[in-house]
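S.K.: need the 3D shape of this:
(chains A and B)
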Amino acid sequence: MESIIKVADLYKTFFLGEIQVEVLKAINLSINKGEFITIMGPSGSGKSTLLYLIGGLDTPTSGKILINGKDISALSDKDQSVMRRRDIGFVFQFYNLVPNLTVEENIMLPILLDGLQIKNYQDKLDEILDIVELSDRKAHTPKELSGGQQQRVAIARALINEPDIILADEPTGNLDSKTSEEVMKLLQRINIEKQKTILQVSHSLETANYGNRIIKVKDGRVWE
Amino acid sequence: MKYILKSIIEKKFRTFIIVFSVTLSAALFFASNGMSNTMLYMYEDQFREQTGKADILIYPNEQSPSNSFKIKTEPVEGVNYIAGEIVTSGRYKLPERQALKTKTKWETLTLRGFDLVELENLNPISFSKFAVGRPFEGYHVIISSIFADDYGFDVGDSIDLEINGKNRNLIIWGIARPTGLFKHIPQSNSMTAIMPIDSLGSLLDIKGRVNTGYVVLDEGVDKQSIENELANTYSRYTVQKPFSEEELETYSQYIVVPLFMMTSMVLFISIFIIYSTFKVITVERLPVIGTFRSIGATRKMTDTILIGESLTYGVIGGILGDILGVGFLYIIASVMAADPYIGGKINVNIDISMSNFLASFILAVLVALISSWIPIKRASKIPIKDLVLNTTEAKSRKKGYRIIIGIIFISLGIIMPRLIQNSFAMIANVVSVLLSTIALIMFVPYITKIFLKLFGKIYSTFFGNEGILAVKNINDNINILNNISLLTIGISTILMINTISYSVGVEVLNAYKDWKFDIMITVSEADRNTEQVLRGIDGVSSTYGAYETWEGVNVVDTDYTIRYLQGIDTERYNDYVHFDYDGKGDPKEALEKLDDGRNIMIAQMARDELELKIGDQITLEMKSGDKTYRVIGFFESLFSNGSTAIISQKYYKADMKESHFGSFYINTHKNPDEVLLTIQDKFIRQGAYGDTIANMTKMNYDSNNQFMIILKAFSILAMLIGIFGVFNNYTISFIERQRSIAILRSVGLSKKQTMKMVMIEALTGGLIGGIIGIIGGLQMLSGVPYLIKAMSVPLAIHYVGIFFFNSIIGAILIAIIASISPGVKISKQNIIEAIKYE
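M.R.: Okay, here's the model as predicted:
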């Protein structure tokens, strides 16, 4: 199988005041294209940190992260940003939509940031809105939507540029069980139908069951 | 209190902005408020230097039988004493070497005769030296220390002076310091010397008589009734107070009201800044307020904490404002004291009263309290549940009422200056400017939306998709809207002041550009012979004698007085004065028609006041009785503030019973300053008063400019507070937007793109602020012509393209510079920390 994400000897250290905390130690991982992986672990174990490092939102203390063979920590800010736009889609626990933009504008953000013409992506937008079942909500602003709807907008935003990888940080952490099920089914569908590699962080085994592989993180180390 | 102080100290920049705003508001209020009395003090001082303790003056006028009179010996109840004075001019022939250096042969002296004992009571001389033990009598003279230093004189020396055409040898009895009567006034070309009144009277053959009587009254008497009584006693002479407090007060209003207007603008900006800053303070304090409330604190208690903080800012600002206010008042008074017409300086004597300190302090406290009241009350109304659960959310209130209030205010702002044109015109204009500004601030969100729609369409071409994002970010961003408002107020105020200042400058130059000669001079009792002498002076190429009156000619059956009337030589007038004829045909031919009968041509300002048209007849109160003139044309002139008219020389001489020229217009082929000195030397006995046109232009310009400098300084201070406000708003804006920008970063916005977006936002905010500022400035300026018309001062507003351009560039630069630091910070922020913040 083709490896899309490769993590080699990854370390991440934080400073809490003067105390040095080693959050991740000697992490080695290989994730293949089309996998749906759940990273699990107790609070403070470093699972979200691992996700953000893979997504290029943070830089490792040492080690390498290869996305499609490219070492992201060696990339410039501009190239990292381009990678976040084109190769990676993010879904956050608190949706992280821009409040003053409409659903349509929020979804189109990666397109806009890539300097592309929005009008050329209208068909794509309609297709994605159809997948996330929000076709009738595209002119609404986030505060006019429920939590589940907002998370579906976030998923749509993550899909608009057709990235190979979707990173989700506790995508159901802020949702009730029924809505969580809907969101997880949607992610599963995207994984199967669109062959997207999904890497999610979660506390819940229930949501982990939608994926096909579980990586556990404890005390800064991973095992399967 | 500990909590309040901790909060104040924690946010240093925010504390600085609030305290700075309050301080400047209080200081400018102190200065404006104190300026009225300060001007009275200063001008009274100026008069008192010449008139001492005199409560009333008696002196001859045109109707008096003689230019000297006897002081009546019968006592008048309430009059303490009357000191007499004789005035004449004397001249001192300069030693050869000094004459070569100064290019003049004579030093002119104003010789004043006084009884020294009376003078010591009336207006004491400050002696640097005098002849101890020798009485001041006979041919003694007191000279100024400047004169003594210039020509090397000492007490006991003899000096030759030419008095009344004869050479007199006097002994220097004393040397006076240059204060009071001896104050040196460079522009007067004359220094004071004092002789015993009896001796000077004898030399002038008016012994026992005086030219001026200085009346000093007893304490606590009714000045007006004694003035009336003396007016009856000296019925053929002028009896009046040395200066009119009413006139001074009216004059000071022209200075004080514009100062108050600028103070109001500063106050307005301060209130705006404190209000917006307190909105942030209350939002920040909500969790603490929630905690306090949940453990039993009442609304009143939590309100008190916030009010206490606001009060602290007010008290600190009030104290600092009072201190700074004294400095401001002193600076303004010093600038106003540098009167270019006097050439010297009026003594600066500022009004430092307890009531002013108190008023400014109270204002500072009120500004702080009122500005913070609404945010505090809004926070107070939030239910405890929302405070504790942090579920408060800014409700978007329908603000349709803003449009209605804005329309009402702007309508009043437009109408008021046009309707109110009496003595309240100035106050009406100030109120109009304030109302227009408030209205503009209310319109800012709506005008901004229109511009954003426009920019949204063109920005993608210029700035790419970051431009579109920037426009979307500005929409509904209250901090950027606040910045646009601050820039609007600042830019409109500066534009208004700069345009008025420039217009005044242009008008001053215009007022003199009509004169096609180099020197204007007045020689007493001047006739054709005088003109012949003038033409013979080296450097004089041609002269024109003007029959004129500055005393004003009343127009019968109206309240109007034509302040300046000239009887012109219709053949030559146009060679000396550019005649800006307001009619068809050749101006020279039009002028010649004045000789055809009792015809008059009137300046446009006077025409408008009198509502005249060609062919109308007006009757003038002239010395030979009422004379009716036919209006045959109009002309444009700002001379004598546009209250001017011309008639034929022939009819002027007859109707005004005048055989002497009022002034001469002189053209030169040498340096006009040197020619002027030669003329003054030549006519030293008659006294030749005048100046070069270049000098008159400069003095008039300087005189107007000093007040404009103060107004400009006020407007710059207003802008300065505004700039700090803009810095603060950008900082707040980026703190509030940390998360949204982090979201954009997470989906692919690079640091460079972040900075580009922030800069486009600043550019857009600055551009819109500049444009609305220009609209505001134009609205403020639109009322000015009505105001100055009410003040009977002709001033056309001259709009300067570069000012508009500078306004926009200035606003953009302020916005961009203010957003650089927070922009850099936000582009470098930790995305994860900002995103996880919830």
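
S.K.: pLDDT at the residue nearest to residue B:722 when sequence neighbours are not counted, what is it?
M.R.: Nearest non-adjacent residue to residue B:722, counting by C-beta to C-beta, 6 or more residues apart in numbering or on different chains: residue B:490, 3.8 Å away. Glycine gets a C-beta too; all of them are placed from N, C-alpha and C. pLDDT recorded at residue B:490 is 89.

S.K.: residues contacting residue B:490?
M.R.: Residue B:490 makes contact with B:269, B:715, B:718, B:719, B:722, B:723, B:773 under the criterion C-beta atoms under 8 Å, 6 or more residues apart in numbering or on different chains.

S.K.: so residue B:786 is in which element?
M.R.: helix B:751-790 (DSSP states H and E).

S.K.: buried stuff in that helix?
M.R.: Judged by neighbour count (16 or more other C-beta atoms under 10 Å in any protein chain shown), helix B:751-790 contains these buried residues: B:751, B:753-790.

S.K.: test my guess that residue A:129 contacts residue A:149.
M.R.: No: Residue A:129 lies out of contact with residue A:149 (C-beta atoms under 8 Å); the separation is 11.4 Å.

S.K.: okay, and the common contacts of these two?
M.R.: Counting by C-beta under 8 Å, 6+ apart, the contacts common to residue A:129 and residue A:149 are residue A:137.

S.K.: which of the contacts of residue B:490 fall within helices?
M.R.: Taking DSSP state H, the ones among those that sit in helices are B:269, B:715, B:718, B:719, B:722, B:723, B:773.

S.K.: what is the neighbour count of the first one?
M.R.: The number of residues packed around residue B:269, counting by other C-beta atoms under 10 Å in any protein chain shown, is 27.

S.K.: name the SS class of the residue most central in space within chain A, please.
M.R.: Nearest to the geometric centre of chain A sits residue A:167, at 1.8 Å (C-alpha atoms, centre = their mean). Following DSSP: H, G, I helix; E, B strand; the rest coil, residue A:167 is assigned to strand.

S.K.: please tell me how far it sits from residue A:38.
M.R.: Distance from residue A:167 to residue A:38, counting by C-beta to C-beta, to the nearest Å: 12 Å.

S.K.: next, give phi and psi for residue B:55.
M.R.: Residue B:55 adopts backbone torsions of phi -90, psi -30, taken as degrees, to the nearest 10.

S.K.: residues near the spatially closest residue to it that is not a sequence neighbour, how many?
M.R.: Nearest non-adjacent residue to residue B:55, counting by C-beta to C-beta, 6+ apart: residue B:217, 4.5 Å away. Number of residues near residue B:217 (other C-beta under 10 Å) recorded here: 19.

S.K.: what's opposite residue B:217 in the beta bridge?
M.R.: Under the criterion DSSP bridges, residue B:217 forms beta bridges with residue B:79.

S.K.: got the residues of chain A near chain B?
M.R.: A:52, A:55, A:57-58, A:77-78, A:80-82, A:84-86, A:90, A:92, A:94, A:96-101, A:105, A:109-110, A:112-116, A:157 (C-beta under 8 Å from any C-beta of the partner chain).

S.K.: need the contact list for the residue nearest to residue B:55.
M.R.: With contacts defined as C-beta under 8 Å, 6+ apart, residue B:217 is in contact with B:55, B:56, B:78, B:79, B:80, B:223, B:226.

S.K.: just residue B:835 next, same as before
M.R.: For residue B:835, counting by C-beta under 8 Å, 6+ apart, the contacting residues are A:57, A:92, A:96, B:739, B:742, B:743, B:746.

S.K.: how about a cut-off of 10 Å?
M.R.: Going by C-beta atoms under 10 Å, 6 or more residues apart in numbering or on different chains, residue B:835 touches A:52, A:57, A:90, A:92-94, A:96, A:169, B:738-740, B:742-743, B:745-746, B:829.
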